[in-house]
Structures are given as C-alpha cells and as structure tokens.
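Participant: Just a sequence and a predicted model for now, questions to come.
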Amino acid sequence: MRDAREVVAGAVVRQGHLLLARRTWPVALAGRWELPGGGVDEGETPVAALARELEEELGLTVRVDEQLGADVGLPGGRVLRARWAELVEGEPQLREHSAVRWVDAHGLVSADLVPADRAWTAELAARLA
C-alpha cells in the first residue's frame, strides 16, 4: 500500500541535460512536463522508492543522490521531495508517460512544468548551466 503522504521525484542529468517526462494523468496535469517519480510504499525509504519508480516508469537504473531544494506541499497533506539521480544504465522507455525529452537550462525554463516542480527551476537551471 502506498503512503499517500510522500511522493518522490528524480532530477536525472546526463551530459548537461535534464530528463523531463510528459504526464498522461490526472486530467488536470496531462500534457505537462515533470521530473519523473512516484509514491513511497509503506516501509520503503524515499531513496529506494525513487530508484524503483524510475525503473518501473522509464526502465532506468539510477544511483539516487542528495536532495534537491526544499520539500513542496501537495494537496491532501502530501509532500513532494526531489533528489538528484545519476543515470547508471538504460534509455528512457515510455511506460507511463506520453513522451520524454532531455532539456538544457533554456529548455527547462520554457517547459510547461507541473506547478509543484517549478519550485526547483532555478536550482535545476543553475546545475545545467
């Protein structure tokens, strides 16, 4: 069972470009771009959850690193936490998203990001610059 209170997102960077994934649901967010991730299962650490989510959703093997920015509050009392993730193996596969793309700092700033992920735009762009 998922702990509905905690959601994790991964900032996967490769050769100066950040991986963004386009959401298919919920309807209010469909078509917008996000840092991929998902919910933390009961008894699972956020680090393990992020590695699992990136493998399940995109077929990527990553090494999860330090936290990115501050926590972001979500509706229903949930919290979203982002972490840097080093790509170890794999190319993104569309399993739950309608598209993926690698963006530089300019592409990040111009992307139609989900509102929660906008909290980290400045820190992400600085790392990509």
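Facilitator: Ah, there it is.

Participant: can you pull out the helices in this protein?
Facilitator: For the chain, the helices defined by DSSP state H occupy 46-58, 105-110, 121-128.

Participant: So residue 100 sits against residue 20, correct?
Facilitator: Yes: counting by CB atoms under 8 Å, residue 100 does reach residue 20; the two are 6.8 Å apart. All C-beta spots, glycine's among them, are computed from the backbone N, C-alpha and C.

Participant: what sits against residue 32?
Facilitator: Contacts of residue 32 were listed using CB atoms under 8 Å, 6 or more residues apart in numbering, and they are 22-23, 112-114.

Participant: Just the buried ones from these?
Facilitator: 22-23, 113-114 (16 or more other CB atoms under 10 Å).

Participant: just curious, which of the residues you listed is nearest to residue 51?
Facilitator: Nearest to residue 51 among the buried ones among the contacts of residue 32: residue 23, at 20.4 Å, using CB to CB.

Participant: quick one: contacts for the closest one?
Facilitator: So residue 23 contacts 29-34, 97-98, 114 (CB under 8 Å, 6+ apart).

Participant: how about the nearest residue to residue 5, chain neighbours excluded?
Facilitator: residue 78 (5.4 Å; CB to CB, 6 or more residues apart in numbering).

Participant: Which strand residues bridge the one you found?
Facilitator: residue 74 (DSSP bridges).
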